[in-house]
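Student: All I have is the shape, not the residue letters:
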């Protein structure tokens, strides 16, 4: 479900693509948290992976300024 994004893949994206990926990852985190509360997670490490992906995306976006 949540794949680790490499920074080399992210640094070539434009701001709109980064924003789209960030919002998609935040939506996925929300859904995983809801699933965790209701039935438990099969792969709880996906939350950590998604948070790290968001950090990489936002870092790349801030460095482009």
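Tutor: Noted; the coordinates are in hand. Keep in mind the model is a prediction, meaning the values are calculated, not measured.
Student: Next, count neighbours for residue 61.
Tutor: By other CB atoms under 10 Å, 19 other residues sit near residue 61. To be clear about C-beta, it is placed using only N, CA and C from the backbone, and glycine gets the same treatment.
Student: So which residues of the protein form helices?
Tutor: Using DSSP state H, the helices found in the chain span residues 7-10, 15-38, 45-63.
Student: and residue 39, how many neighbours does it have?
Tutor: Per other CB under 10 Å, the neighbour tally for residue 39 reads 8.
Student: Next, give phi and psi for it.
Tutor: When read as degrees, to the nearest 10, the backbone of residue 39 gives phi -130, psi -10.
Student: where's it relative to residue 64, distance?
Tutor: 40 Å (CB to CB, to the nearest Å).
Student: Single out the most deeply packed of the helices of the chain.
Tutor: Ranked by mean neighbour count, the helices of the chain are led by helix 45-63 with a mean of 16 (mean count of other CB atoms under 10 Å).
Student: Let me see the contact set for residue 64.
Tutor: By CB atoms under 8 Å, 6 or more residues apart in numbering, the contact list for residue 64 reads residue 15.
Student: sorry, back to before: let's have the helices of the chain in a markdown table, adding mean pLDDT.
Tutor: Listed next are the helices of the chain as a markdown table, based on pLDDT from 0 to 100:
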| stretch | mean pLDDT |
| --- | --- |
| helix 7-10 | 91 |
| helix 15-38 | 96 |
| helix 45-63 | 95 |
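Student: Next, residue 11: phi, psi?
Tutor: Main-chain dihedrals, residue 11, degrees, to the nearest 10: phi -70, psi -20.
Student: Let me fix that, I meant to ask about residue 41.
Tutor: Taking degrees, to the nearest 10 as the convention, residue 41 sits at phi -100, psi 140.
Student: right, and it touches residue 31 too?
Tutor: No - between residue 41 and residue 31 there is no contact under CB atoms under 8 Å: 10.7 Å.
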